[in-house]
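1. Build me a structure from this.
(one chain, ligands or ions: 1)
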Amino acid sequence: MNAVISQRWWKEAVVYQIYPRSFMDGNGDGTGDIPGIIERLDYLKDLGVDVLWLCPIFPSPNDDNGYDISDYQGILSDFGTMADFDNLLEQAHQRGLRILLDLVVNHSSDEHPWFTESRSSKDNPKRDWYIWRDGKPNGAPPNNWASIFSGPAWEYDDASGQYFLHLFSRKQPDLNWENAEMRQAVYQMVRWWLDKGVDGFRIDAITHIRKEPGFPDLPNPKHLAAVPSHEMHRNKDGILEYISDLCANTFAHYDVMTVGEANGVNVEQAADWVGEDQGRFNMLFQFEQLKLWGSDGNADLDLPKLKQTLTRWQKGLEGNGWNALFVENHDIPRITSTWGNTEQYWRESATAIALMYFMMQGTPFIYQGQELGMTNHPFTALDQFDDVAARNQIAEWRAEGRSDADMLADLLSSSRDNARTPMQWSSEFNAGFTIGKPWLAINPNHQWLNAEDQADDPNSVLNFYKAMIRMRRAEPTLVYGTYDLVLEDDAQVYAYTRSGEEDAFVVLCNLSDADWHGDLGVATPAETGLCLSNYADAAEQPADRLRPWEARLYRL
Ligand code: NOJ
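-> Now for the predicted structure:
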């Protein structure tokens, strides 16, 4: 085993991401809530995960489903009360489950009292907690930057005659990280949660907190109304000073897990963010792999490219950082729909993709429902989309003259709502999620795709996830061992080894609809070494032959 890799609880953990609105409804109002999560703690314990990351649970007008926070130290009433949260924390801890919260401090809601004060007048003491600028002499916004959710990144405020910056929706004004008082208020809030006993944070959109000084216009040869502006505010020079300041004032004093959402950080820069001697974050959600999903969510899987990308991160952080391993979250369509084959090989493709990422070096994250192989939703009309990004996109496309059918086709494979439909607990009414009217449509395939049925089926996706988690827990080499890619150029099979001082494993995943037969590039594993597979009769098959979407883990 690599001696320079330190052992930490958060490296050995498996994290489960909960989208509270869609996880479990405890009070029958159609919206998931904290009592619902408590009801399902035993399911999560039985699955074998160690840490629960809750997407935002704080008071919010829900323009962006909780990523627009109006009170950082409260609980959204739809989700319950602070007493419910305290109960969740206690019940989770009793079962050995830890809780991560979502820290959303690139922006707040425009309904946060900080912003209400800030907008109240130009000389309010909190004016500078947000980013206010005069418009151009002709009244146009201060610059031509676009919001990540479509349209201009500036909103005009009648009362004071200035614009405020919002990189996301107009109800998510950006906080001004240059303001030291604002930063102290954020740190105080973070410490308050840590003192309450939460076990860490996933840190939202954190690579956007520093903006290009001077807020210059971008070149605009296409004469767009607003120009996509990532290079003006994503991972800008100087941002690490803010990150160091945040960490030194908060996380550094607690034994917690931190994972930053890191759009724009490449692997060469990653060690500055997560290097163990840097005192910043523990892990990053990197976005390079997300580019392979294609911006329309519909890209064919380019396997050699995926291997290059993930291997670059595996080797790039080896011995000097730690990877967050993930293939799904609440912002991307379901992986089995994007890359698998939901028609012919639904179960096989869901499990093959799972094994592919789960045994790498890093901490695996599972997004709710992924462990069941949940799929994209068969939306049939544009008014069924809830997400602010989709709604803004539809308005923009409509103005460009796109047809409804065309927009629907696009959103069917790209919308974030695909991942946000309620959890499928059973084949019963509303999938066992609620007795009320669900806030977002439930996938009709819950009749055959649900947790209850899968619990009883030894070959189910759910039981495959349980087996993977058990393997990682039992084998330190699968946590700390060195990763090496084999079959580098093969376009069908993702294969890699994990090697420790005393043992080694090989992971073989055929990520295609066709049979595969070839030279493995490592000593052929003995059939008796088979630890895990997604075809029931794999033990009788030679290791160098894989059927469509067949995945196996062998001890070498
Ligand atoms: C990333 C979050 O994951 C996403 O859901 C949200 O819309 C944006 N950040 C803005 O907070």
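
2. Just the closest residue of this structure to the ligand, please.
-> Nearest residue of the chain to the ligand, counting by Cβ to the nearest ligand atom: residue 67, 3.4 Å away. In short, each C-beta sits where N, CA and C put it, glycine included.

3. so what pLDDT did that residue get?
-> We have a pLDDT of 98 for residue 67.

4. now do residue 503
-> We note a pLDDT of 94 for residue 503 in this prediction.

5. right, and residue 524 touches residue 554 too?
-> No - using Cβ atoms under 8 Å, residue 524 makes no contact with residue 554, being 9.2 Å away.

6. So between those two, which is more surrounded?
-> Between residue 524 and residue 554, counted using other Cβ atoms under 10 Å, the more crowded position is residue 554 (24 against 14).

7. show me the contacts for that one.
-> The contact partners of residue 554, by Cβ atoms under 8 Å, 6 or more residues apart in numbering, come to 505-506, 508, 525-526, 529-531, 543.

8. Filter the residues you listed down to the buried ones.
-> 505-506, 508, 525, 529-531, 543 (16 or more other Cβ atoms under 10 Å).

9. Restricted to helices, list these.
-> When those are checked against helices (DSSP state H), there are no matches.

10. nearest to residue 409, of these?
-> The shortest approach to residue 409 among the buried ones among the contacts of residue 554 belongs to residue 508, at 35.2 Å (Cβ to Cβ).

11. Would you confirm that the closest one contacts residue 556?
-> No - with contact defined as Cβ under 8 Å, residue 508 does not reach residue 556; the gap is 11.5 Å.

12. shared neighbours of residue 524 and residue 554, which are they?
-> Common neighbours of residue 524 and residue 554 (criterion: Cβ under 8 Å, 6+ apart): residue 543.

13. Quick one: the helices in the stretch 201-350 of the chain, in order.
-> Here the stretch 201-350 of the chain has its helices, by DSSP state H, counting those that start in this stretch, at 239-249, 267-274, 288-291, 303-316, 335-338, 346-358.

14. need the ones you listed in JSON lines with mean pLDDT, distance to residue 181 and mean neighbour count, can you?
-> Output for the helices of the stretch 201-350 of the chain, formatted as JSON lines (pLDDT from 0 to 100; distance: least, Cβ to Cβ, whole Å; neighbours: other Cβ atoms under 10 Å):
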{"stretch": "helix 239-249", "mean pLDDT": "98", "distance to residue 181": "13", "mean neighbour count": "17"}
{"stretch": "helix 267-274", "mean pLDDT": "96", "distance to residue 181": "25", "mean neighbour count": "18"}
{"stretch": "helix 288-291", "mean pLDDT": "88", "distance to residue 181": "35", "mean neighbour count": "16"}
{"stretch": "helix 303-316", "mean pLDDT": "96", "distance to residue 181": "37", "mean neighbour count": "18"}
{"stretch": "helix 335-338", "mean pLDDT": "95", "distance to residue 181": "43", "mean neighbour count": "25"}
{"stretch": "helix 346-358", "mean pLDDT": "98", "distance to residue 181": "42", "mean neighbour count": "25"}
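
15. Can you add distance to the ligand and give the ones you listed back as JSON lines?
-> Listed next are the helices of the stretch 201-350 of the chain as JSON lines, based on distance: least, Cβ to the nearest ligand atom, whole Å:
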{"stretch": "helix 239-249", "distance to the ligand": "16"}
{"stretch": "helix 267-274", "distance to the ligand": "17"}
{"stretch": "helix 288-291", "distance to the ligand": "11"}
{"stretch": "helix 303-316", "distance to the ligand": "19"}
{"stretch": "helix 335-338", "distance to the ligand": "16"}
{"stretch": "helix 346-358", "distance to the ligand": "19"}
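
16. Which one of the ones you listed lies nearest to residue 215?
-> Closest among those, using Cβ to Cβ: helix 239-249, at 15.9 Å.

17. what's the offset of that closest one from the middle of its chain?
-> 22 Å (Cα atoms, centre = their mean, to the nearest Å).

18. for stretch 96-116, same thing?
-> That offset, for stretch 96-116, works out to 16 Å (Cα atoms, centre = their mean).

19. before we move on, what about stretch 266-285?
-> Using Cα atoms, centre = their mean, the offset of stretch 266-285 from its chain centre is 17 Å.

20. and if you look at stretch 398-417?
-> That offset, for stretch 398-417, works out to 23 Å (Cα atoms, centre = their mean).

21. is the ligand contacted by that stretch?
-> No - on the criterion Cβ under 6 Å from any ligand atom, stretch 398-417 is out of touch with the ligand, staying 6.9 Å away.

22. now for the contacts of residue 554, which pair is the farthest apart?
-> 508 and 526 (13.8 Å).

23. Rebuild the helices of the stretch 201-350 of the chain as TSV, extending it with distance to residue 193.
-> Formatted as TSV, the helices of the stretch 201-350 of the chain follow (distance: least, Cβ to Cβ, whole Å):
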stretch	distance to residue 193
helix 239-249	14
helix 267-274	21
helix 288-291	28
helix 303-316	29
helix 335-338	31
helix 346-358	29
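
24. among those, which is nearest residue 73?
-> Across the helices of the stretch 201-350 of the chain, residue 73 has its closest neighbour in helix 239-249 (16.8 Å, Cβ to Cβ).

25. Give me the contact list for that closest one.
-> 177, 183-184, 186-187, 190-191, 206-207, 209-210, 258, 260, 272-273, 278-281.

26. repeat that for 6 Å
-> 177, 187, 209-210, 272, 279-280 (Cβ atoms under 6 Å, 6 or more residues apart in numbering).

27. which ones among those are found in strands?
-> Of the positions in the contacts of helix 239-249, not one sits in strands, assigned by DSSP state E.

28. Check pLDDT for those residues and point me to the minimum.
-> Within these, lowest confidence goes to residue 279 (89).
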